[in-house]
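Colleague: can't give you the sequence, but here's the structure:
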Ligand SMILES: Nc1ncnc2c1ncn2[C@@H]1O[C@H](COP(=O)(O)OP(=O)(O)OP(=O)(O)O)[C@@H](O)[C@H]1O
């Protein structure tokens, strides 16, 4: 993300924000100025002037606080709406870039990293601007008292500004390490929590505890390391601040004794000091944090780049013909014979476990690339076509549902398909009607992905219903009815096999009469 982009989204509101911040800084310094005049008035025994200056000081402080309040609020609104845009772009990128994404990493990016970087980066910019304005205003006020005060302040300013550079690389490194460990921890949790039930059953909790503990320890070390680098920066800043403020007080006393500056400055120099050095220190911290997160921000910018929407050209395949194919997986080699499916044919694909049936489907779906051999896709007339692989219907062993209603999971959120009659007819085709009757909300039942309120068999029926609704001509079913009872499976298969779809079906434990319903069987050996 860049500041320019943030500013240009809402230039008027952003300008008002920075104007309010500049004014509030001026008013804050104005209040210290009024304090100087109050003490001058006291020394000269001028009670009316003293009261007027006191009122001016109070007014400056009240308006400065009001402007700060407005600034903080509108900064938060601007940041949150920008963050919303960034999350949308990240999500679109993840959706369109055609790569497999680890859910923990994507979650981390969408929530933590984006939030951390955007919010802290923009808040740091705003705060450093505010601090910079206060430094300028108080520096100007000091100049109006005596040039030597300003020069002294300037020298310390330069020292203070250059301090973060000493730790710039260390801060960058610490930030990156923290983000990496964050991701690693989420991934470990994600990987292990998925199988928590199995861990319970096998009493392997000690193993889980050890793995999670190790990842948590590394995250803890990364946090401590980052805090140590930040603390070192704070320490250096504090040292410069203490030295600078003592020397300025000494210089003011000298100037007052020599009658070269106003007496009242002795009372207010502490305020000017804290306005000047305090804000300089803050600005240096903010700038240090901003430059420390540079690498992560650049990475995030890349991950937001628009990726063209994956709209595949080509026709929906109705069948295919493959030459002998081979697939290589890190030393494991799978070989397939030439296979041809005619449009409308119903074929049972069998073979020992691990022989490569699922991988063959992934080859057809374009998810796995063949090391050798070719697949040609055919239309209804058996002519070779340029295929749109996303239009192949696919029912995996463990199909995924999405948070939404059962109807939405059948239509995949396509409102054009959301017709109650059509959905009920389709539910009949896949034996889902009985389940719909059991759920009080029927088609509107919400799918609770985590709570698995939908059984494995019901999930398979819902996903099978999808391929009916989407009229997939070529349907690949990979043990897609394994969780459905035998009688219903037989009915579903019998109905499926009466359609004009081309179907390739992998199943381990079909009854003999179900097997007979297929045109032929291809056995991989
Ligand atoms: N992405 C992958 N990386 C490495 N090896 C893989 C990958 N996908 C599959 N394999 C391996 O390829 C072999 C075939 O796997 P596949 O899932 O295709 O078999 P299958 O015939 O469908 O088995 P099952 O009947 O048990 O489901 C297995 O040994 C598997 O470990």
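Modeller: Received the coordinates, thanks. Remember, predicted model here, so these are calculated numbers, not experimental data.
Colleague: Can you list the residue ranges for strands in the protein?
Modeller: 319-322, 325-329, 332-336, 339-341, 346-351, 375-378, 384-385, 393-395, 474-478, 502-506, 520-524 (DSSP state E).
Colleague: Need the residues that contact the second one.
Modeller: Meaning strand 325-329. 333-336, 356, 359-360, 363, 368, 370-375 (Cβ atoms under 8 Å, 6 or more residues apart in numbering). C-beta here means a position set from N, CA and C on the backbone, and glycine is covered the same way.
Colleague: Quick one: residues contacting residue 232.
Modeller: 167, 170.
Colleague: that older thread, so how do I select the buried members of the contacts of strand 325-329 in PyMOL?
Modeller: Buried residues among those (16 or more other Cβ atoms under 10 Å), as a PyMOL selection:
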select buried, resi 334+336+356+359+360+363+368+370+375
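Colleague: closest to residue 27 out of the strands of the chain?
Modeller: Of all the strands of the chain, it is strand 393-395 that lies closest to residue 27, at 65.8 Å by Cβ to Cβ.
Colleague: and the closest one, what other elements does it pack with?
Modeller: Contacts defined by 3 or more Cβ pairs under 8 Å, 6 or more residues apart in numbering; DSSP states H and E place strand 393-395 against helix 456-469, strand 474-478.
Colleague: how many neighbours does residue 379 have?
Modeller: Using other Cβ atoms under 10 Å, residue 379 is surrounded by 16 other residues.
Colleague: Can you name the residues that contact residue 156?
Modeller: Going by Cβ under 8 Å, 6+ apart, the list of residues near residue 156 reads 240, 243, 244, 247, 248, 277, 280.
Colleague: what separates the second one from the ligand, distance-wise?
Modeller: Using Cβ to the nearest ligand atom, to the nearest Å, we find residue 243 at a distance of 62 Å from the ligand.
Colleague: just residue 357 next, same as before
Modeller: When residue 357 is compared with the ligand (using Cβ to the nearest ligand atom), they lie 4 Å apart.
Colleague: Pull the number of nearby residues for that residue.
Modeller: 21.
Colleague: what's across from the closest residue in space to it that isn't next to it in sequence in the sheet?
Modeller: Distances taken as Cβ to Cβ, 6 or more residues apart in numbering place residue 506 nearest to residue 357, at 4.7 Å, with adjacent residues excluded. Residue 506 has these beta-bridge partners by DSSP bridges: residue 349, residue 478.
Colleague: ok, now how distant is residue 506 from residue 524?
Modeller: Taking Cβ to Cβ, to the nearest Å as the measure, residue 506 falls 10 Å from residue 524.
Colleague: ditto for residue 133
Modeller: Going from residue 133 to residue 524 by Cβ to Cβ gives 74 Å.
Colleague: So for these two, which sits in the more crowded spot?
Modeller: Using other Cβ under 10 Å, the more surrounded residue of residue 133 and residue 524 is residue 133, with 21 against 17.
Colleague: Is the more buried one in contact with residue 19, as I believe?
Modeller: No - Residue 133 is not in contact with residue 19 according to Cβ atoms under 8 Å; the separation is 10.3 Å.
Colleague: Tell me which residue in the stretch 151-300 of the chain sits closest to the ligand.
Modeller: In the stretch 151-300 of the chain, the residue found nearest to the ligand is residue 191; the distance is 16.1 Å by Cβ to the nearest ligand atom.
Colleague: Count residues in the vicinity of that residue, would you?
Modeller: Residue 191 has 12 neighbours, counted by other Cβ under 10 Å.
Colleague: And for residue 453?
Modeller: Neighbours of residue 453 under the rule other Cβ under 10 Å: 12.
Colleague: where does the nearest residue to it once chain neighbours are set aside sit relative to residue 151, distance-wise?
Modeller: Among residues not flanking residue 453 along the chain, residue 447 sits closest, at 7.1 Å (Cβ to Cβ, 6+ apart). Residue 447 is 70 Å from residue 151, where distance means Cβ to Cβ.
Colleague: Repeat that for residue 485.
Modeller: Separation of residue 485 from residue 151 (Cβ to Cβ) stands at 89 Å.
Colleague: if we can go back for a sec, thinking the residue nearest to residue 453 is in contact with residue 400, fair?
Modeller: No - taking contacts as Cβ under 8 Å, residue 447 lies outside contact range of residue 400: 10.3 Å.
Colleague: Residue 499: what's it in contact with?
Modeller: Here residue 499 is in contact with no residue (Cβ under 8 Å, 6+ apart).
Colleague: Identify each buried residue in stretch 46-57, please.
Modeller: Applying a neighbour-count criterion of 16+ other Cβ under 10 Å, one finds 50, 53, 56, 57 buried in stretch 46-57.
Colleague: Identify the residues contacting that stretch?
Modeller: Contacts made with stretch 46-57 from outside it, assessed by Cβ under 8 Å, 6+ apart, are listed as 30, 31, 34, 35, 37, 38, 41, 42.
Colleague: Tell me who's in contact with the last one.
Modeller: Same thing as residue 42. Applying Cβ under 8 Å, 6+ apart to residue 42 gives the contacts 50, 264.
Colleague: And it, how close does it get to residue 31?
Modeller: Distance, residue 42 to residue 31, by Cβ to Cβ: 17 Å.
Colleague: Quick check: the gap between residue 363 and residue 322.
Modeller: 8 Å.
Colleague: Can you check which residues contact both of those two?
Modeller: By Cβ under 8 Å, 6+ apart, the residues touching both residue 363 and residue 322 are 336, 375.
Colleague: Domain parsing of this protein, as residue ranges.
Modeller: 3-304, 319-524 (automatic domain parsing).
Colleague: Show me the residue of the stretch 201-350 of the chain that gets nearest to the ligand, please.
Modeller: For the stretch 201-350 of the chain, Cβ to the nearest ligand atom, closest residue to the ligand: residue 329, 3.5 Å.
Colleague: Who does that residue form a beta bridge with?
Modeller: Note on residue 329: beta-bridge partners by DSSP bridges are residue 332.
Colleague: For it, grab the count of nearby residues.
Modeller: 11.
Colleague: Residue numbers of the stretch 251-400 of the chain in contact with the ligand?
Modeller: 329, 330, 332, 334, 351, 353, 354, 355, 356, 357, 358, 359 (Cβ under 6 Å from any ligand atom).
Colleague: Would you mind measuring from the second one to residue 21?
Modeller: Between residue 330 and residue 21 the distance, using Cβ to Cβ, works out to 57 Å.
Colleague: Then the fifth one?
Modeller: With distances defined as Cβ to Cβ, the gap from residue 351 to residue 21 amounts to 70 Å.
Colleague: The two: which is more packed in?
Modeller: Using other Cβ under 10 Å as the criterion, residue 351 and residue 21 rank with residue 21 on top: 25 against 16.
Colleague: what residues does this protein put near the ligand?
Modeller: Residues of the chain lying near the ligand (Cβ under 6 Å from any ligand atom): 329, 330, 332, 334, 351, 353, 354, 355, 356, 357, 358, 359.
Colleague: Which two among those residues are spaced furthest apart?
Modeller: Maximum pairwise distance in these, criterion Cβ to Cβ, is 21.1 Å, between 330 and 351.
Colleague: re earlier: would you mind checking which of the contacts of strand 325-329 is nearest to residue 489?
Modeller: residue 360 (21.7 Å).
Colleague: can you list contacts of stretch 210-219?
Modeller: 178, 181, 182, 184, 185, 188, 189, 192.
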